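S.K.: Here is a sequence together with a model predicted from it:
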Amino acid sequence: MRAVDIIQKKKEGRVLFKEEISFLVKGFTHNDIPEYQMSAFLMACCFKPLNFQETLHLTHEMLHSGKTFDFSDIPFKKIDKHSTGGVGDKTSLILAPIVACYDVAIPMISGRGLGHTGGTVDKLESIPGFKMNLTFEEFQDNLKTLHFSMMGQTKDIAPADAKMYALRDVTATVECIPLIAASIMSKKLAEGIDGLVLDVKFGYGAFMQKLKDATELAKWLVKIGESSGKKTIALVTDMNQPLGNKIGNSLEIEETIEVLQGHGPKDLIDLSLTLSGTMLTLGGISRSVKEGVSLSQKAIHNGKALQKFKELLQRQGGDTRVIDSFSYLPSAKYTFEFLAPKAGFLAKINARNIGKGASVLGCGRETLTDAIDPSVGFILHKKVGAKVQKKDILLTIRYNDEKKLAASMVELIQAFEITPKKPSFKPLIQKVLGKL
Ligand code: URA
């Protein structure tokens, strides 16, 4: 086989054999196929998309390019959750300790933030001392005793995807549904799970701006999961405005703790509990999502979920004092209040502008090796639909650097839209796909 013939075949829109996909992925992973050929192949896939069978082969080839976990000795269902990424989305941090209160194990491997979206790894690392680079044994031990563990992506998991994703990022080949679906599912299937709940986001702050595209991606993800023998459910959810009220790494830990303490913003609570309720149902603990939601509420109200979160911090080196006082979290030196320029109703809080504004303030990074500032971020005081008066505080900015504040303001002034008429209400969860 020759890579050039496979590229030609895909360029002509012909269907590839499993062996051809395997040859390309293995060759690229072992540096036998150069980046320029893989780039050409990926670009061909953008114009002549892989069909479902090809995508399934690609997923499994990437999945088996590295280590796969086997937690069969843990006597519970292993269920994970994945989000396609958004702004202010700390649902993983909330739902994992909730679900872990029951007989379900959550082997959660998360990513860092990139671009305008945040990442679970950066949020957890804002807790002083918290360690995300666990050994496999530590990860497994947490799963057995605590029912959940959280670590960052390692080089051993789906290395073919890591190499291909890095190439896609610089060759304008990220936005292609079969490639995205294969990339996400190869990493999740390597975690040794029995079931997966996906939060596929659409809107300004999401990867997929349109509901139609997010729904299509959700369908592919569910089909790959189910064809791989895993129960898979996808929620298609609105990411036009940020989720919750706090955006920024340590601020999102604060809001996580607030929700686990039994308060916090309604949109964040609703989505987190629907996701945890779905996970509990996939894990065989509840008979319906509704019952799973009430079990989740119970775990918050009896304090067990917060206790689980505290135990996670203890085990992974984090300062547990943050639970009782946010003063132990990194905090920025200055605050600035962003005011409403006029009266009316908040019709839009563009999550992409908010995410970019947060990123340039120091919450995010341009490249994976940039340093982030865990202490900075935003607190939203109003959400879409709220009535505002001129000069009401829309947002508090926590910052350390005047230049970064100025760069952030460029984004923030584009983010808010105030109209005389109240905007129509749109449900956060638009669709649920897959069979329970
Ligand atoms: N997230 C991934 O893991 N892969 C993609 O291709 C896109 C988003």
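M.R.: On my side now, so go ahead.

S.K.: give me the number of residues near the residue lying closest to I349 once chain neighbours are set aside?
M.R.: By the measure of Cβ to Cβ, 6 or more residues apart in numbering, the closest residue to I349 outside its immediate chain neighbours is Q241, 4.2 Å from it. Bear in mind the C-beta positions are built from the backbone N, C-alpha and C, glycine included. If you count neighbours by other Cβ atoms under 10 Å, Q241 ends up with 25.

S.K.: Next, the contact list for Q241, please.
M.R.: Under the criterion of Cβ atoms under 8 Å, 6 or more residues apart in numbering, the neighbours of Q241 are G203, Y204, G205, K348, I349, N350, A351, I354, K383, V384.

S.K.: Check which helices and strands the host helix or strand of R398 is in contact with.
M.R.: Here R398, judged by DSSP states H and E, is contained in strand 393-399. Helices and strands touching strand 393-399, by 3 or more Cβ pairs under 8 Å, 6 or more residues apart in numbering; DSSP states H and E, are strand 334-339, strand 377-380, helix 402-415.

S.K.: contact partners of the shortest one?
M.R.: Applying Cβ under 8 Å, 6+ apart, the external contacts of strand 377-380 come out as 88, 242, 244-252, 332, 349, 354, 357-358, 361, 363, 394-398.

S.K.: mind listing which of these are in strands?
M.R.: In strands, judged by DSSP state E, the following of these are found: K246, I247, I349, L394, L395, T396, I397, R398.

S.K.: Name the residues linked to the third one by a beta bridge.
M.R.: Read that as I349. Beta bridges link I349 to F416, judged by DSSP bridges.

S.K.: quick one: it and G244 touch, right?
M.R.: No. The pair I349 / G244 is not scored as a contact, 11.9 Å apart, by Cβ atoms under 8 Å.

S.K.: Could you check which of those two has the larger neighbour count?
M.R.: Between I349 and G244, G244 has the larger neighbour count (other Cβ under 10 Å), namely 27 against 24.

S.K.: Please name the nearest non-neighbouring residue to the more buried one.
M.R.: Spatial nearest neighbour of G244, excluding adjacent residues (Cβ to Cβ, 6+ apart): L268 at 3.7 Å.

S.K.: Number of residues surrounding that neighbour?
M.R.: Burial measure for L268: 25 neighbouring residues, criterion other Cβ under 10 Å.

S.K.: what's downstream of the host helix or strand of it, the next helix or strand?
M.R.: Per DSSP H and E: L268 is located in helix 266-282. Sequence-wise, the next helix or strand downstream of helix 266-282 (DSSP H and E) is helix 289-301.

S.K.: and R112, how many residues sit next to it?
M.R.: Residues near R112, counting by other Cβ under 10 Å: 19.

S.K.: Could you find the closest non-adjacent residue to H116?
M.R.: In space, H116 is closest to G355, 3.1 Å off (Cβ to Cβ, 6+ apart).

S.K.: My guess is the one you found contacts T117. True?
M.R.: Yes. With contacts counted by Cβ under 8 Å, G355 reaches T117, the gap being 6.0 Å.

S.K.: between the two, who's got more neighbours?
M.R.: In terms of neighbours (other Cβ under 10 Å), G355 is the more surrounded of G355 and T117; the figures are 30 against 26.

S.K.: Please work out the residue of this protein nearest to the ligand and name it.
M.R.: Residue nearest to the ligand within the chain: S183 (3.4 Å; Cβ to the nearest ligand atom).

S.K.: Pull up the gap between that residue and P34, please.
M.R.: Computed with Cβ to Cβ, to the nearest Å, the distance linking S183 and P34 is 20 Å.

S.K.: Likewise for F130?
M.R.: 39 Å.

S.K.: Between the two, which is the more surrounded one?
M.R.: F130 (19 against 12).

S.K.: residues touching that one, list them.
M.R.: L124, L313, Q316, G317, G318, D319.

S.K.: Where does the prediction get shaky in the stretch 151-300 of the chain?
M.R.: Within the stretch 151-300 of the chain, no stretch has pLDDT under 70.

S.K.: At the contact with the ligand, which residues of it appear?
M.R.: By Cβ under 6 Å from any ligand atom, the residues of the stretch 151-300 of the chain that approach the ligand are Y165, V174, L179, I180, S183, I184.

S.K.: Can you tell me the SS state at the fourth one?
M.R.: What that stands for is I180. When classified by DSSP: H, G, I helix; E, B strand; the rest coil, I180 comes out as helix.

S.K.: show me where the stretch 101-250 of the chain has strands.
M.R.: Using DSSP state E, counting those that start in this stretch, the strands of the stretch 101-250 of the chain run over 104-110, 148-152, 195-202, 231-238, 246-247.

S.K.: Parallel or antiparallel, list what pairs with the shortest one.
M.R.: Meaning strand 246-247. Short version: by DSSP bridges, strand 246-247 pairs with strand 377-380 (antiparallel).

S.K.: Restricting to C-alpha, output the strand it pairs with in PDB.
M.R.: The C-alpha coordinates for strand 377-380 follow below in PDB (Å, rounded to 0.1, in the frame of the first residue of the first chain):
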ATOM      1  CA  GLY A 377     -12.000  36.100  35.300                       C
ATOM      2  CA  PHE A 378     -15.500  37.400  35.200                       C
ATOM      3  CA  ILE A 379     -18.600  37.300  37.400                       C
ATOM      4  CA  LEU A 380     -21.800  37.700  35.400                       C
END
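
S.K.: Moving C-terminal from it, which element do we reach first?
M.R.: Using DSSP H and E, the next helix or strand after strand 377-380 towards the C-terminus is strand 387-388.

S.K.: Now do that next one: which elements does it pack against?
M.R.: Here strand 387-388 touches strand 344-349, going by 3+ Cβ pairs under 8 Å, 6+ apart.

S.K.: Please put the alpha-carbon coordinates of the strand it packs on into PDB.
M.R.: C-alpha atoms of strand 344-349 as PDB (Å, rounded to 0.1, in the frame of the first residue of the first chain):
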ATOM      1  CA  GLY A 344     -33.800  47.400  28.400                       C
ATOM      2  CA  PHE A 345     -33.600  43.700  28.400                       C
ATOM      3  CA  LEU A 346     -30.500  41.600  28.000                       C
ATOM      4  CA  ALA A 347     -31.000  40.000  24.600                       C
ATOM      5  CA  LYS A 348     -27.500  38.500  24.100                       C
ATOM      6  CA  ILE A 349     -24.400  37.700  26.100                       C
END
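
S.K.: Report the inter-axis angle for that strand versus strand 393-399.
M.R.: Interaxial angle of strand 344-349 relative to strand 393-399 (axes from the mean of the first three to the mean of the last three Cα atoms, to 10 degrees): 50 degrees.

S.K.: Would you mind getting the angle between strand 344-349 and helix 402-415?
M.R.: If you take the same axes, to 10 degrees, strand 344-349 sits at 110 degrees to helix 402-415.
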